[in-house]
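1. Here is my input, please return the structure:
(one chain, ligands or ions: 2)
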Amino acid sequence: MKLQDSVIAITGGGQGLGRAMAEYLAAKGARLALIDLMQDKLDDAVAACQQAGGEARAYVCNVAREEDVEKTFAAISADFGQLNGLINNAGILRDGLMVKAKDGEITKRMSLAEWQAVIDVNLTGVFLCGREAATQMIQNGDQGAIINISSISRAGNMGQSNYSSAKAGVAALVPVWAKELARYNIRVMGIAPGFIETEMTASMKPEALEKMTAGIPLKRMGKPDDIASAAAFIFENDYVSGRMIEVDGALRL
Ligand SMILES: NC(=O)C1=CN([C@@H]2O[C@H](COP(=O)(O)OP(=O)(O)OC[C@H]3O[C@@H](n4cnc5c(N)ncnc54)[C@H](O)[C@@H]3O)[C@@H](O)[C@H]2O)C=CC1
Ligand SMILES: CC(C)c1ccc(C(=O)O)c(O)c1O
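-> Ligands and ions are numbered 1, 2, ... in the order given. A predicted model of the protein is given here:
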């Protein structure tokens, strides 16, 4: 698939990796539909895509709400007249041990609300956006690709019962959807990033960053463009489908 003039929706496109991928793809001529919770973040991201030479529109939508997602993807299809891609990127963290004890006394437990919030956004949100994107693509007769952003945490990371479960779930959806959607000329891939430089990591103490980086075989954190170039490769290579690409500097949890 050529990126030039392709219409690609990105959830969580207002900041971080979502915005970085949007700017990267905009520079290659893609037309972006950016989905996020806050209008102001989206406005900045749209302006950055335009600055990069591409076209972009903003859609305020909570990916965990079925009605929002249905309306948003119908609007994207109507506004652009086509849909060729989706990056399921929106995600949240609510880390904590499932059960923590000191001297035999339980001191903390992951609440059902912490579990459910992450499952709702990181897993149900991916299902809803994938379903609605595929629906629009099939109805329009558009070929394209869906990319689920997972994480190396999908292998099981301490303190991330909720997050690891959701990220394993979105990775499991990749071969399922690849098999189901191949007949419509829609490919499905996943990317599992390792530690990537974002606003969050930029605010970490240098000692903590050094410790984190020391454990990565390539001895550096990933850059947002390392993820964006993997997404561009997936869109442009018409014979990749049903697989995960690990972009983690060889770090395995
Ligand atoms: N930053 C990293 O090192 C890594 C990130 N990832 C994954 O990459 C993705 C992006 O991560 P970052 O850019 O670091 O996160 P971030 O927190 O900087 O950005 C996430 C974006 O998603 C949006 N969002 C959150 N909940 C939403 C909802 N219900 N509906 C619509 N939008 C919503 C937020 O408003 C935000 O703009 C996430 O799925 C994350 O799990 C995976 C591995 C490593
Ligand atoms: C533990 C993994 C690599 C990780 C680290 C940081 C974030 C983040 O800041 O959003 C993640 O989403 C992760 O999956």
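2. so what's the closest residue to ligand 2 within the stretch 1-150 of the chain closest to, chain neighbours aside?
-> In the stretch 1-150 of the chain, no residue comes nearer to ligand 2 than L93, which is 5.5 Å away by Cβ to the nearest ligand atom. (Glycine included, C-beta is placed from N, CA and C.) In space, not counting the residues next to it along the chain, L93 is nearest to Y163; the distance is 5.9 Å by Cβ to Cβ, 6 or more residues apart in numbering.
3. And for R57?
-> Looking at R57 with Cβ to Cβ, 6+ apart, the closest residue is A33, at 5.7 Å.
4. Surely that neighbour is within a strand?
-> Yes: when DSSP: H, G, I helix; E, B strand; the rest coil is applied, A33 is found to be in a strand.
5. The stretch 51-200 of the chain against ligand 2: which residues are in contact?
-> Within reach of ligand 2 by Cβ under 6 Å from any ligand atom, the stretch 51-200 of the chain has these residues: 91, 93, 151-153, 157, 194-195, 198, 200.
6. Mind checking which of those are in helices?
-> Among these, the members found in helices (DSSP state H) are M200.
7. tell me which of the residues of the stretch 51-200 of the chain next to ligand 2 is nearest to ligand 1?
-> Of all those, G91 has the smallest distance to ligand 1: 2.4 Å, by Cβ to the nearest ligand atom.
8. OK, contacts around the closest one?
-> With contacts defined as Cβ atoms under 8 Å, 6 or more residues apart in numbering, G91 is in contact with 12, 121-122, 149, 166.
9. Go through these and flag which are in helices.
-> A166.
10. Break down the protein into its strands, ranges please.
-> Listed in chain order, the strands of the chain (DSSP state E) span 7-11, 31-36, 55-60, 85-88, 99-102, 105-109, 144-149, 186-193, 244-247.
11. Show me what residue of the chain gets nearest to ligand 2.
-> Of all residues in the chain, S151 sits closest to ligand 2, at 3.2 Å by Cβ to the nearest ligand atom.
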